[in-house]
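>>> coords below, sequence missing:
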């Protein structure tokens, strides 16, 4: 019997490897769980900082996006808490919550398709 010929993986099959996306997907899940258990968001951002250096370029966009989500949410939360003294902060916190969920879900969708995140440093939805 002859052994089957083994061909090296193509560039496109490497970029859609589900195993390399697992860490980034776990971070998105931790971010969503952070809405209930706050500490998981901190664990997620630490994992994003650790994974961003050795990831392929398309996946680095997801890690940058995840890091930006975390720090922008911290900024929105601080501003919202301070502005809660004059009651407008409740609206800022509500907006921040919606923004956080939308950005996280959009990131998960792009990751599941094996695509880079289009604008990881953007402020909008």
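Done, it's in. What you see is a predicted model, and the numbers here were worked out from it, not measured in a lab.
>>> going forward, measure contacts and count neighbours with C-alpha atoms only.
Will do.
>>> any low-confidence regions in the protein?
1-19, 125 (pLDDT under 70).
>>> Now the spatially most central residue of it: phi and psi?
Nearest residue to the geometric centre of the chain (C-alpha atoms, centre = their mean): residue 66, 3.3 Å. Main-chain dihedrals, residue 66, degrees, to the nearest 10: phi -70, psi -40.
>>> ok, now which ones touch it?
27-28, 45, 48, 104, 120 (C-alpha atoms under 8 Å, 6 or more residues apart in numbering).
>>> try residue 33
With C-alpha under 8 Å, 6+ apart, residue 33 has these contacts: 40-41.
>>> now do 10 Å
The neighbourhood of residue 33, defined by C-alpha atoms under 10 Å, 6 or more residues apart in numbering, consists of 27, 39-41, 44.
>>> all strands of the chain, in order?
Taking DSSP state E, the chain contains no strands at all.
>>> those helices in it, which residues are they?
11-15, 18-33, 39-51, 57-83, 89-112 (DSSP state H).
>>> Let me have those helices in a markdown table, extended by distance to residue 124.
What follows is the helices of the chain, written out as a markdown table (distance: least, C-alpha to C-alpha, whole Å):
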| stretch | distance to residue 124 |
| --- | --- |
| helix 11-15 | 27 |
| helix 18-33 | 18 |
| helix 39-51 | 20 |
| helix 57-83 | 11 |
| helix 89-112 | 8 |
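>>> from the chain's centre, how far out does stretch 75-95 sit?
Per C-alpha atoms, centre = their mean, to the nearest Å, the displacement of stretch 75-95 from the mean C-alpha position of its chain is 23 Å.
>>> so how far is the first residue of that stretch from its last?
13 Å (C-alpha to C-alpha, to the nearest Å).
>>> Kindly report the same for stretch 27-47.
Start-to-end, stretch 27-47 (C-alpha to C-alpha) is 7 Å.
>>> Tell me the buried residues in it?
Under the neighbour-count criterion of 16 or more other C-alpha atoms under 10 Å, stretch 27-47 has 27-32, 34, 40-41, 44-45, 47 buried.
>>> And for stretch 67-76?
67-70, 72-73, 76.
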